[in-house]
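A.B. asks: Sequence and predicted structure are below.
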Amino acid sequence: MITINPTFVRCVAMFLTAALTTIVGCGPGNGLNLAKVSGKVTYKGQPVKNGTVFFMPDESKGTVGPPAVGSIVSDGSFIMSTESAGDGAILGHHKVGITGVEPIAESEAAALDPEKDPANYMKAKGQAVIQAQRGGSKKKDEAIFTDKGGKKYRYVVPMKFSNPAESGIFVKVDGAETFNFDIDESGKVTTNQ
């Protein structure tokens, strides 16, 4: 009679599970058709130094799958990632969202907060009133937000481009691609595609 050691059976089962997982589906790509995608974002001719680019597969044109995201770095460049860093975006049509932000200096952020620095807040408010009476303002209503860590940011790219479903920016990924997005002062986006 042959006796089978339960520990041996568990070891063999674990080995086979690990081998099959690597071969079948948990490796890079996970069966998705991805292509390397990178590029640059400029606003009014200058590189956007901080932000995010989103590629949302356009299901109305037959592209289905997870979205890709890329962080914009100081020279305006980005590399798209779907499952792992730099693996790209799904082949097909995408709706694109672009969010460009810049950190607000601590002294500037304090001036915006009436509780932290009431004197500077009132001074800034007074200057805004004077500008409005003269028929204009230095800055249009800026969109400012605070991250989880309490750091304040200002949108530098119009917020309308942040949502891929509403931005009006579309691209098609056919293979390895470089997409450069240039947003002009009128809010028009041009790309090299």
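C.D. replies: Received, thanks. Numbers count the residues shown, from 1 in each chain.
A.B. asks: Give me the buried stretch members for the biggest strand by length in the chain, please.
C.D. replies: Using DSSP state E, we find that the single longest strand of the chain is strand 92-103. When burial is assessed from 16 or more other Cβ atoms under 10 Å, strand 92-103 yields the following buried residues: 92-101. To be clear about C-beta, it is placed using only N, CA and C from the backbone, and glycine gets the same treatment.
A.B. asks: out of the residues you listed, which one sits closest to residue 84?
C.D. replies: residue 94 (18.6 Å; Cβ to Cβ).
A.B. asks: doesn't residue 57 make contact with that closest one?
C.D. replies: Yes: taking contacts as Cβ atoms under 8 Å, residue 94 lies within contact range of residue 57: 5.9 Å.
A.B. asks: Starting from the one helix or strand residue 56 maps to, tell me which strands it pairs with and how they run.
C.D. replies: According to DSSP states H and E, residue 56 maps onto strand 51-57. Sheet pairing for strand 51-57, assigned by DSSP bridges, gives strand 68-72 (antiparallel), strand 92-103 (antiparallel).
A.B. asks: export the ones you listed to CSV and tack on mean pLDDT and distance to residue 170?
C.D. replies: Putting the strands paired with strand 51-57 into CSV (pLDDT from 0 to 100; distance: least, Cβ to Cβ, whole Å) gives the following:
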stretch, mean pLDDT, distance to residue 170
strand 68-72, 96, 14
strand 92-103, 95, 6
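A.B. asks: got CSV for the ones you listed, with distance to residue 149 too?
C.D. replies: Conversion of the strands paired with strand 51-57 to CSV gives the following (distance: least, Cβ to Cβ, whole Å):
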stretch, distance to residue 149
strand 68-72, 17
strand 92-103, 11
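A.B. asks: What separation do you get for the spatially closest residue to residue 151 that is not a sequence neighbour and residue 156?
C.D. replies: In this structure, residue 151 finds its nearest non-sequential neighbour in residue 103, 6.2 Å apart by Cβ to Cβ, 6 or more residues apart in numbering. Computed as Cβ to Cβ, to the nearest Å, the residue 103 to residue 156 distance reads 11 Å.
A.B. asks: cool, and residue 85?
C.D. replies: Residue 85 is 25 Å from residue 156, by Cβ to Cβ.
A.B. asks: repeat for residue 34
C.D. replies: 30 Å.
A.B. asks: Tell me which of those two has more neighbours.
C.D. replies: Neighbours per residue (other Cβ atoms under 10 Å) separate residue 34 from residue 156, with residue 34 holding more: 23 against 19.
A.B. asks: Number of residues surrounding the nearest residue to the more buried one once chain neighbours are set aside?
C.D. replies: Once flanking residues are discounted, residue 34 sits nearest to residue 88: 4.3 Å by Cβ to Cβ, 6+ apart. For residue 88, the neighbour count with other Cβ under 10 Å is 26.
A.B. asks: Residue ranges of each domain in this structure, please.
C.D. replies: Following automatic domain parsing, one finds the domains of the chain at 32-103+154-191, 106-146.
A.B. asks: got a list of what the spatially closest residue to residue 63 that is not a sequence neighbour touches?
C.D. replies: The shortest distance from residue 63 to any non-neighbouring residue, by Cβ to Cβ, 6+ apart, is to residue 92 (3.1 Å). Taking Cβ atoms under 8 Å, 6 or more residues apart in numbering, we find residue 92 in contact with 57-58, 61-63, 172-173.
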